[in-house]
Structure formats: structure tokens, C-alpha cells
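Asker: just to be clear, the model below is a prediction. Sequence and coordinates:
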Amino acid sequence: MESNESSYVSSPELGPKRSSPPPPKSPTSDSLEKPTYVRFLVSNAAAGSVIGKGGSTITDFQSQSGARIQLSRNQEFFPGTTDRIIMISGQIDDVLRAVELILSKLLSEIHLEEGNDVDPKTKVRLIVPNSFCGGIIGKGGATIKSFIEESQAGIKISPQDNNYYGLNDRLVTVTGTLDEQMRAVDLILSKLSEDLHYPQSVNVPFSYAAYNGVNYGPAGAGGKFQNNKEDRSNSMTIGIADEHIGMVVGRGGRNIMDISQATGARIKISDRGDFMSGTTDRKVTITGSQRAIRAAEAMILQKVAHASEKGVN
């Protein structure tokens with residue numbers, strides 16, 4: 001696959017990029033060269049057009065942009081949605097170029113379906129760790145207001161979803177034309193990347209990974225847990241119906257490994273026939289910090305609920 005500039009045809013106009021340099025405290029040349037990442041949602045149907053036949057489109061976009069593009073697997077969605085996750089990592093301008101290539105592609109699909117020439121207002125939902133949302137909002141909402149004025153895009157930050165233990169991400173919805181969206185994404189990503197901790201957060205496994213088994217392994221990800229200094233001696237035991245244990249364990253133990261990796265908890269399941277007293281429920285013992293235990297318990301119970309919904313008996 002050639003990666004020369006002449007193949008860059010999908011998006012010749014990259015005007016909106018770098019339209020507003022970051023504040024002086026973060027020199028532009030510095031922030032441009034530091035690796036960063038962005039994640040956003042894409043419908044399961046649209047994911048196919050981003051991947052392309054045999055992965056041709058995603059490979060092409062990677063060579064044109066210089067960024068790394070990863071997509072969660074089929075049916076592996078962001079909690080509470082039926083959308084897959086695209087993660088783009090690299091230097092900030094490369095990341096923005098890849099975002100623009102993908103959004104242009106999705107927009108061209110809409111044009112083909114609807115057959116209209118008007119530049120439609122569409123939306124893109126970015127995934128932003130909760131701890132960094134404050135920076136985008138700013139004091140009294142000042143930063144987000146200035147981003148809306150400068151980009152002319154609509155920007156809304158979802159409230160934190162407390163339905164999922166351990167889910168520390170929020171959705172930032174950007175609405176507008178492609179140019180408006182790109183200006184907004186540029187402003188948001190530049191702001192996020194000013195925080196030295198933001199690019200590093202890509203190395204921590206995504207806290208919702210095991211909700212759906214999404215298991216990214218970005219380059220350089222060491223799978224290190226930031227809470228390993230916490231007290232890990234806490235332990236709790238829950239009972240899971242024998243017929244649902246297979247769903248919790250997963251093929252070749254994959255589910256249980258994903259849950260353990262995502263939360264940092266250790267999980268042990270009792271042998272066949274070793275039940276909770278007075279029941280036919282197998283014992284599942286979770287060990288780790290209180291937070292890890294809560295997150296792992298929620299993920300295990302979600303697997304069981306999923307098994308029940310599917311009528312796995």
C-alpha cells in the first residue's frame with residue numbers, strides 16, 4: 001500500500017486543522033509531536049465501510065494519515081449503546097487527519113443513501129475519560145462555550161452513567177457539518193492533549209473492556225493497573241447458577257481473563273459440585289481492591305443477565 005501524499009484524495013481540504021493554536025503554556029511544536037489518541041463511536045453497520053473489503057479501507061486510511069486505527073470487534077459495543085469503538089492513536093495532526101478521513105467516508109455513505117447535495121448536520125460521539133471532561137467544560141462552562149462559538153458545532157457532554165460500575169468515560173457529542181465537527185474535534189483533542197496524563201491514559205486497559213469483551217492492545221500498552229498500590233486483600237464470594245458459569249468463564253477462559261484484566265481483580269470459580277451452602281450455585285470468589293471487586297462483580301452479573309436474556313439454560 002503506497003503512503004505517498006499523492007494518494008491523499010478523499011480530503012484535499014484540511015483547512016480547519018490547527019485553526020487555533022493551544023495556549024502558550026503548551027508550545028505548539030511540542031504538542032504536535034507528542035503521541036495522543038481519540039476514541040469515538042460508529043454504528044455497527046457503518047463499521048463495515050470504515051474497514052473496507054478485507055480491511056482495505058482502514059489500511060488505506062492508516063497509510064494516508066500516519067495514525068494507527070483500531071476498531072472493536074463485531075458486536076462489541078460501548079456500554080449502553082449498540083455502537084462499536086474506533087480508537088485512533090498517533091501524533092495529533094495524524095490523528096485529526098484519520099478522523100477526517102473516517103468522517104468523510106461516513107458522510108459520503110449518507111449522501112449516497114439520501115441522495116441530497118446539502119451538507120448534512122451529522123453527529124460524532126467522542127469517548128472522553130471523566131477525569132478530563134472538566135478541562136473541556138472549563139470554569140463555569142467557559143471553555144466549552146468558546147469551543148462552540150469558534151467551531152460553530154454543537155457540543156454536549158453526557159452525564160456520567162452510573163448504571164455500569166467502573167465506567168469512567170463520558171460521551172461528548174459533536175453536531176454539525178464535517179468542517180464544524182473537525183474544528184470542534186481539533187479544539188477538544190488539543191485541549192485534552194495539553195494534559196500530560198491524557199496521552200498516558202491510553203496505556204490503561206479501558207475500564208469497560210470486559211462488559212462486551214472489547215480488548216484493545218494499543219502499541220506500548222503494558223496492561224498496568226494504577227490501583228495496584230491499593231489494598232488488594234479484600235475478598236467477596238458470590239453465587240452463580242451452575243448453568244451460567246460457562247457464559248462467565250467464556251471460551252477458553254477468555255471472558256474471565258478479560259474481566260480480570262479490565263478491573264485488576266483476581267477471580268476464582270469453585271469446582272463442579274462445590275456449591276454455595278444450600279444452593280446449586282457455584283462459588284465465585286473475587287479478590288482485590290474494593291473498587292476492583294465492585295467492577296468485577298458488575299461485569300460478572302452482566303454476563304449472567306445476558307445469558308438469561310438469551311435463554312441459555
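Answerer: Nice, I can see it.
Asker: hmm, what's the outermost residue in the chain?
Answerer: Going by C-alpha atoms, centre = their mean, the residue of the chain most distant from its centre is Gly278, 41.9 Å out.
Asker: how about the secondary structure of that residue?
Answerer: Here Gly278 is recorded as coil under DSSP: H, G, I helix; E, B strand; the rest coil.
Asker: cool, and Phe77?
Answerer: Applying three-state DSSP: Phe77 is coil.
Asker: give me the phi and psi for it.
Answerer: phi -110, psi 160 (degrees, to the nearest 10).
Asker: again with Asn168
Answerer: phi -110, psi 20.
Asker: how far away is it from Gly66?
Answerer: 29 Å (C-beta to C-beta, to the nearest Å). All C-beta atoms are positioned from the backbone trio N, CA, C, and that covers glycine.
Asker: same question for Gly176.
Answerer: Distance from Gly176 to Gly66, by C-beta to C-beta: 26 Å.
Asker: got it, and Leu167?
Answerer: From Leu167 to Gly66 the distance is 31 Å (C-beta to C-beta).
Asker: do Tyr198 as well
Answerer: Counting by C-beta to C-beta, the gap from Tyr198 to Gly66 is 20 Å.
Asker: out of these two, which sits in the busier spot?
Answerer: Tyr198 (20 against 14; other C-beta atoms under 10 Å).
Asker: tell me which element the residue lying closest to the more buried one once chain neighbours are set aside falls in.
Answerer: The spatial neighbour of Tyr198 that comes closest, neighbours along the chain excluded (C-beta to C-beta, 6 or more residues apart in numbering), is Leu192 at 4.7 Å. Using DSSP states H and E, Leu192 sits within helix 178-194.
Asker: and for the helix or strand following that helix, what are the contacting residues?
Answerer: Once the chain leaves helix 178-194, the next helix or strand it forms, by DSSP H and E, is helix 197-200. Helix 197-200 is contacted by residues 34-37, 129, 132, 192-193 when judged by C-beta atoms under 8 Å, 6 or more residues apart in numbering.
Asker: take the residues you listed and keep only those in helices.
Answerer: Judged by DSSP state H, helices contain the following of the contacts of helix 197-200: 132, 192-193.
Asker: name the nearest of these relative to Met236.
Answerer: Ranked by distance to Met236 (C-beta to C-beta), these are led by Phe132 at 31.0 Å.
Asker: is it true that the closest one touches Leu189?
Answerer: No: using C-beta atoms under 8 Å, Phe132 is not in contact with Leu189; the gap is 10.9 Å.
Asker: looking at these two, which one has more neighbours?
Answerer: Neighbour count, other C-beta under 10 Å: between Phe132 and Leu189, Leu189 has more, with 22 against 18.
Asker: for the spatially closest residue to the more buried one that is not a sequence neighbour, which residues make a bridge with it?
Answerer: The shortest distance from Leu189 to any non-neighbouring residue, by C-beta to C-beta, 6+ apart, is to Val38 (5.5 Å). Beta-bridge partners of Val38, counted by DSSP bridges, are Ile88.
Asker: what number of residues are in the vicinity of Val38?
Answerer: 24.
Asker: repeat that for Ala296.
Answerer: 28.
Asker: helices of this protein, start to end?
Answerer: 28-33, 44-51, 56-65, 92-114, 130-137, 142-151, 178-194, 197-200, 209-212, 245-249, 254-263, 290-309.
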